[in-house]
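Chemist: Task: produce atomic coordinates for the following.
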Amino acid sequence: MLSINFSLMFRQIFMSLFRSKNTNYRLTAKRLKVLLICIPCYILIMIVHWVCFTLDHAFFPRFRRRSVVKPVFIIGNFRTGSTLLFRIMARDAENFCTFKTWEIYFAPSIAERKFIRGILLLDSLLGKPLRRLLESTEQKNLEHMLKHATQLHKIGLREAEEEEAMLLWIYNTFWLHYVFPIPSDFAPYDDFDRTMPAPRRRRIMRFYKRCVQRHLYVRDGNKRLLSKNPGFTPKVKSLLEEFPDAQFLYLVRDPVETCTSTVSWFSFWFNLFNSPLDHYPLKDETIEMMKLWYTYPVEALKHLPRSRFLVINYEDFVNSPEQTIRDIYSNFGLRLNPHFDQILIHETHRAKSFKSSRETTAESIGLSKKIIHHRFDEIYEYYRFEKR
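Modeler: Numbers count the residues shown, from 1 in each chain. Model prediction:
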């Protein structure tokens, strides 16, 4: 529990209750309701998880010796096609294992997973009434609660998801930015490798590695971890310290499209938990973060050979997803088995026929293409994006 950032937790709660006037986290009736529901629930869930983490050390101590061989990390700014790439590659069950949503939020420990699987086994013996109930209510409730989010990013308990959220259980994640939009608190998470204090950085990464070891201990240990986390983009050096043979896929996209979509995406979450002064808050801070995430990975990983680090252009990927993934497998020395080959053909055909149900323009969020072109001028030149 030494990994938990109690000082940040208590400070943000204090700021929300007593120092929030005229801020994006101001204490409105809605905000107070969110705090009164979310904080006690979060603390209760975190206590349960930490009791179970302790049980893991007592009853499953061998997980600490579990090796993590050649994990593949998909990184890049938000809204760059990384989820599509991740979920297609996650279908390759022969090579990869991923974290599922239910594992991240409800069973990050080995003890919890064993308990839940025991419940599901008993449920199967009784004709699966619990499973049917969960399946019938899951998507309906998610769509009702997170309608906008599910349009941009499919959400489901059994979907492969971003395990950055595991860091919620030590209160040390970029994701807390949505609940407590205090810019000064999140500078270290935006530029993690270079500005996060070294002792805290090591504790965060040590906790994350233990989570991965637990996951591989429960799952088939011969498979490689496939991870997709935009929040890991500023963590590449830290990831290499923990996983020296890691491989990286870095996706990039035209900043106009990335900025508008990211600001819109962040806005949904800011407005879900807060009553911000502006419907699209913290645009400048978001843009500065994105500029860092366009440049830092290339700088941090430039020494790696092509067999360990690939830059993927969004347009190339969405125009030819099948060929892009075949190139990834070829460069990373992965075997493309016949079963996944058929899945790849089907999934990429479906991906190419998909049309987004929501389009966001720069002007609709209070920006303009000209402003974005100017602020990302060096990015356009480096990646040879066309200014449109």
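Chemist: rest of the way, CA atoms for contacts and neighbours
Modeler: Will do.
Chemist: Keeping just the C-alphas, turn stretch 361-378 into CSV.
Modeler: In CSV, the C-alpha atoms belonging to stretch 361-378 read as follows (Å, rounded to 0.1, in the frame of the first residue of the first chain):
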residue,chain,number,x,y,z
THR,A,361,-14.8,19.9,-36.3
ALA,A,362,-12.1,22.2,-35.0
GLU,A,363,-14.6,25.1,-35.1
SER,A,364,-17.2,23.3,-33.1
ILE,A,365,-14.9,23.0,-30.1
GLY,A,366,-13.7,26.6,-30.3
LEU,A,367,-10.5,26.1,-32.3
SER,A,368,-9.7,26.4,-36.0
LYS,A,369,-7.5,24.5,-38.4
LYS,A,370,-5.3,27.5,-38.8
ILE,A,371,-4.6,27.6,-35.1
ILE,A,372,-3.8,23.9,-34.9
HIS,A,373,-1.6,24.0,-38.0
HIS,A,374,0.4,26.8,-36.4
ARG,A,375,0.7,25.2,-33.0
PHE,A,376,1.7,21.8,-34.5
ASP,A,377,3.8,23.2,-37.4
GLU,A,378,6.9,21.2,-36.5
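Chemist: which parts of that stretch are buried?
Modeler: 361-362, 365, 369, 372-373, 376 (16 or more other Cα atoms under 10 Å).
Chemist: Now, those that are in helices?
Modeler: Cross-referencing the buried residues of stretch 361-378 against helices under DSSP state H gives 369, 372-373.
Chemist: Where does the prediction get shaky in the chain?
Modeler: 138-154, 220-221, 352-359 (pLDDT under 70).
Chemist: Residue most distant from the centroid, it?
Modeler: Leu126 (35.9 Å; Cα atoms, centre = their mean).
Chemist: coming back round to it: now render the ones in helices among the buried residues of stretch 361-378 as a markdown table, adding distance to Phe59.
Modeler: Formatted as a markdown table, those follow (distance: Cα to Cα, whole Å):
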| residue | distance to Phe59 |
| --- | --- |
| Lys369 | 57 |
| Ile372 | 54 |
| His373 | 56 |
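Chemist: Among the residues you listed, which one sits closest to Phe99?
Modeler: Ile372 (34.7 Å; Cα to Cα).
Chemist: contacting residues around that closest one?
Modeler: 255-256, 259 (Cα atoms under 8 Å, 6 or more residues apart in numbering).
Chemist: Adding distance to Lys302, secondary structure and neighbour count, write these out as TSV.
Modeler: Formatted as TSV, the contacts of Ile372 follow (distance: Cα to Cα, whole Å; DSSP: H, G, I helix; E, B strand; the rest coil; neighbours: other Cα atoms under 10 Å):
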residue	distance to Lys302	secondary structure	neighbour count
Pro255	21	helix	26
Val256	25	helix	21
Cys259	25	helix	27
